[in-house]
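1. how would this look folded up:
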Amino acid sequence: MTIWVLNVACLLFAAGRIASQDIHSVGEVDQIIAKAAEQYRGMVADIPGMAKYPRTTLEDGSLRLVGPGDWTSGFFPGSLWLLYEYTRDSYWQDQAAGRTAGIEDQKFNTGTHDLGFMLGCSFGNGYRLTEDPGYKNILVQAATSLSSRFDGDVGCIRSWDFGSWEFPVIVDNMMNLELLFSATLFSGDSSYWNKAVSHADVTMKNHFREDFSSYHVVDYNKTTGDTIAKYTHQGYSKESAWARGQSWGLYGYTLCYRFTGDPRYLELAENIARFLINHDHLPGDRVPYWDFDAPGIPNEPRDVAAATIMCSALFELGLYSEEDGDTFLNVAMDQISSFASDHYTAEPDSNNHFILMHGTGNYPAGKEVDKPLNYADYYYLEALTRYRRHLNTPPAADFQYMQTDSITGLKIEFDASASSDSDNDSLTYLWDFGDGSRQFSPTGIFSHVYEQPGEYDVTLCVEDHWGGSDSIIRGIEVTPLVALEQMDAEDIRVFPNPASDGFYIRLPGVYRKKGAYLVNAAGQKFPVEPDPGTTWVPAGHWESGLFLLVIPGPGQEFILKKIIIVNRDRP
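-> Numbers count the residues shown, from 1 in each chain. Have a look, this model is predicted:
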């Protein structure tokens, strides 16, 4: 038996001296991410090479690094991918890609059930954010390796190869099913999907008690598929509710519902969530003790990792649950506020640059107790990105346009700078020009050449990187403007330019006075009728901006003059 001496922080928790400020705005979440990013910049600087991965802090206070084969190796590059997703800073993409590459050889590893953690968190996030086809192929190979551990008689994937168990399956293994579901979507091979469903169904049948708490380990007879016994390996006792195991189950069945839409998985996930939220031993800050049945509560260590996994799962489950969705989301938001407090978030440049403190890896073995854990950070960052998406305000689409001269066709300049986003997110723009052509633009300024004059319905869709979007449809008229070379010349004058209250047009008699007009950046036309000689055109009733003066020429030509109107009374 391991004797553990409680530290001061644990006693403060037990006394209820936890105070946190509620986090309810995009700006507040942005600040949390900014602090986390600074911590991880320090961590990146501390780690030599690309194939070493920070896991925790050793008893002497030094950083524990592990190799690509450790079950936690994928969490650090996964965290870097999540920082890239949030910030869109290419620095994090470069760091994530480099440290993800060091794990690639694990795609052939058939000696572990943890490939979902190792490659799903690294290559899976990488593919989600970049759509690199190489990443997809690696994930399919990893799923093939994981599938080799599936036993048809048991109906499950074997978890461990050590110990005296015959065929052990741990509740943690639910997390690796995402790799199998994804492999079917990537490859079209349904065998991965079928194995994932079988594993989920057998685990649902044998791991969960009547109160929807979970056993940690179930051992199976390899020949008959019957259960031999039920145990714990990291919990207080075989009948206790090991906190992180409950969170693995909650997250696992939530993701199973995401892929399959099977209501049985949703119902189980909801019941696990209710068990956790309503448990008498869940503290007020929603960060559980390492085991809900630990005998020394409230003087037991917390496990912030169990809390961050639970939090991330609740943000997703809250979107699916019709009955308790709001409750689940509110609990997750409370947990974010707790994590962000100085009781769990480390001071800058401390904690070996991990973000969170007070995780518990394996209390019975005396390993990683009251230590930072890379997977606690990973699921915290994932929960923050999910919370940010929950808080997101969609952008508002708007655009103006102006027809300009073009020797090669009918050219329209489109300007979507009037589109807005109240969260100050960068936007992307998708144009449908109404003539069968579409174009993606990373900026709001774009030009399009129409082949034929006429009326077109132009659609602009703007999107922020959190999935918020808006669209607008505007009808435009494309007219056959033809520019004459050097026709902009001395024989036609517009003055003053810029103008305010109005301007003069000096027009030689050779030009037709009928059909002249001004057009603004929004494509609105304003007829003018200049006489031969000098004509005053009032402009005080127009908004400020750039206008084109279009004047019919002697033949079929049109002459264009650019006018800048600065109206002091109208912005």
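
2. CA atoms of the helix or strand hosting Gln31 as CSV?
-> Following DSSP states H and E, one finds Gln31 within helix 26-46. C-alpha atoms of helix 26-46 as CSV (Å, rounded to 0.1, in the frame of the first residue of the first chain):
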residue,chain,number,x,y,z
VAL,A,26,-15.4,35.2,-26.0
GLY,A,27,-12.9,37.7,-24.7
GLU,A,28,-12.4,35.8,-21.4
VAL,A,29,-11.9,32.5,-23.2
ASP,A,30,-9.4,34.3,-25.6
GLN,A,31,-7.4,35.4,-22.5
ILE,A,32,-7.3,31.9,-21.2
ILE,A,33,-6.0,30.6,-24.5
ALA,A,34,-3.4,33.4,-24.7
LYS,A,35,-2.0,32.3,-21.3
ALA,A,36,-2.1,28.7,-22.3
ALA,A,37,-0.2,29.5,-25.5
GLU,A,38,2.5,31.3,-23.6
GLN,A,39,3.0,28.3,-21.3
TYR,A,40,3.3,26.0,-24.3
ARG,A,41,5.7,28.2,-26.0
GLY,A,42,7.9,27.8,-23.0
MET,A,43,7.4,24.0,-23.1
VAL,A,44,8.3,23.8,-26.8
ALA,A,45,11.5,25.7,-26.1
ASP,A,46,12.4,23.2,-23.3
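
3. In stretch 269-284, which residues are buried?
-> Buried residues in stretch 269-284, defined by neighbour count with 16 or more other Cβ atoms under 10 Å: Ala269, Glu270, Asn271, Ile272, Ala273, Arg274, Phe275, Leu276, Ile277, His279, Leu282, Pro283. Every residue, glycine included, has its C-beta placed from N, CA and C.

4. Please apply the same query to stretch 335-349.
-> Of all the residues in stretch 335-349, those buried under the rule 16+ other Cβ under 10 Å are Gln335, Ile336, Ser337, Ser338, Phe339, Ala340, His343, Tyr344, Thr345, Ala346.

5. From the opening residue of it to its closing one, how far?
-> Start-to-end span of stretch 335-349 (Cα to Cα, to the nearest Å) is 23 Å.

6. same deal with stretch 536-549?
-> Terminal-residue distance, stretch 536-549 (Cα to Cα): 14 Å.

7. Next, the distance between the ends of stretch 291-309.
-> End-to-end distance of stretch 291-309: 15 Å, with Cα to Cα as the criterion.

8. average model confidence for it?
-> Mean pLDDT, stretch 291-309: 98.

9. which of the residues in that stretch are buried?
-> The neighbour-count check on stretch 291-309 (16+ other Cβ under 10 Å) flags 291-294, 297, 300-309 as buried.

10. Next: stretch 437-445.
-> Judged by neighbour count using 16+ other Cβ under 10 Å, the buried positions of stretch 437-445 are Gly444.

11. Same question for stretch 164-184.
-> Going by neighbour count (16+ other Cβ under 10 Å), the buried part of stretch 164-184 is 165, 167-184.

12. repeat for stretch 422-436
-> For stretch 422-436, burial by neighbour count (16+ other Cβ under 10 Å) applies to Asp423, Asp425, Leu427, Thr428, Tyr429, Leu430, Trp431, Asp432, Phe433, Gly434, Asp435.

13. Just these: which are in helices?
-> Among the buried residues of stretch 422-436, no member is found in helices (DSSP state H).

14. can you put those in TSV and add pLDDT?
-> Below are the buried residues of stretch 422-436 laid out as TSV (pLDDT from 0 to 100):
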residue	pLDDT
Asp423	94
Asp425	93
Leu427	95
Thr428	95
Tyr429	97
Leu430	97
Trp431	97
Asp432	97
Phe433	97
Gly434	96
Asp435	95
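
15. correct me, but Gly98 touches Lys52?
-> No. At 11.7 Å, Gly98 does not count as touching Lys52 under the criterion of Cβ atoms under 8 Å.

16. Tell me which stretches of the stretch 301-450 of the chain form strands.
-> For the stretch 301-450 of the chain, the strands defined by DSSP state E, counting those that start in this stretch cover 359-362, 367-371, 400-404, 410-415, 427-432, 438-441, 445-450.

17. Could you list the low-pLDDT ranges of the stretch 201-350 of the chain?
-> Regions of the stretch 201-350 of the chain meeting the criterion pLDDT under 70 are absent.

18. Tell me which stretches of the stretch 101-250 of the chain form helices.
-> Assigned by DSSP state H, counting those that start in this stretch, the helices in the stretch 101-250 of the chain fall at 115, 125-130, 133-147, 177-187, 190-207, 243-260.

19. Which strands and helices lie in contact with the first one?
-> When contacts are defined as 3 or more Cβ pairs under 8 Å, 6 or more residues apart in numbering; DSSP states H and E, helix 115 packs onto helix 133-147.

20. Give me the contact list for the helix it packs on.
-> The contact list for helix 133-147 (Cβ atoms under 8 Å, 6 or more residues apart in numbering) reads 104, 106-110, 113, 115-116, 118-120, 123-124, 126-127, 157, 176, 179-180, 182-183, 186-187, 191-192, 195.

21. Just give the closest residue to Ser437, not the sequence neighbours.
-> His448 (7.2 Å; Cβ to Cβ, 6 or more residues apart in numbering).

22. One more: Tyr86?
-> Spatial nearest neighbour of Tyr86, excluding adjacent residues (Cβ to Cβ, 6+ apart): Ile33 at 5.1 Å.

23. what's the burial count for that neighbour?
-> Residues lying near Ile33 (other Cβ atoms under 10 Å) number 18.

24. tell me the average confidence for stretch 508-525?
-> Summarised as a single mean, pLDDT over stretch 508-525 is 71.

25. typo on my end, it should be stretch 397-411
-> 75.

26. and that stretch, how far apart are its ends?
-> Terminal residues of stretch 397-411 lie 22 Å apart, using Cα to Cα.

27. quick one, which of the strands of the stretch 301-450 of the chain is nearest to Arg388?
-> Evaluated over the strands of the stretch 301-450 of the chain, closeness to Arg388 peaks at strand 427-432, with 16.0 Å, by Cβ to Cβ.

28. Val169 touches Met204, doesn't it?
-> No. Look at Val169 against Met204 with Cβ under 8 Å: they stay out of range, at 11.9 Å.

29. what about Lys222, neighbour count?
-> Neighbours of Lys222 under the rule other Cβ under 10 Å: 14.

30. Find the nearest non-adjacent residue to it, please.
-> Excluding the flanking residues, the one nearest Lys222 by Cβ to Cβ, 6+ apart is Phe167, at 4.8 Å.

31. Same question for Ala101.
-> Closest residue to Ala101 apart from its sequence neighbours, by Cβ to Cβ, 6+ apart: Met50 at 6.8 Å.

32. For the one you found, give its distance to Asp114.
-> With distances taken as Cβ to Cβ, to the nearest Å, Met50 is found 20 Å from Asp114.

33. thinking Ala539 is in contact with Ser500, fair?
-> Yes. Ala539 is in contact with Ser500 according to Cβ under 8 Å; the separation is 7.2 Å.

34. who's more crowded, the two?
-> Ala539 (20 against 15).

35. re earlier: look at the residue nearest to Tyr86 and report its pLDDT.
-> pLDDT at Ile33 comes out at 97.

36. hang on, the earlier thing: as CSV, the buried residues of stretch 269-284 with secondary structure and distance to Trp92 would be great.
-> Converted to CSV, the buried residues of stretch 269-284 look like this (DSSP: H, G, I helix; E, B strand; the rest coil; distance: Cβ to Cβ, whole Å):
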residue, secondary structure, distance to Trp92
Ala269, helix, 31
Glu270, helix, 34
Asn271, helix, 37
Ile272, helix, 33
Ala273, helix, 31
Arg274, helix, 36
Phe275, helix, 36
Leu276, helix, 32
Ile277, helix, 33
His279, coil, 37
Leu282, coil, 34
Pro283, coil, 33
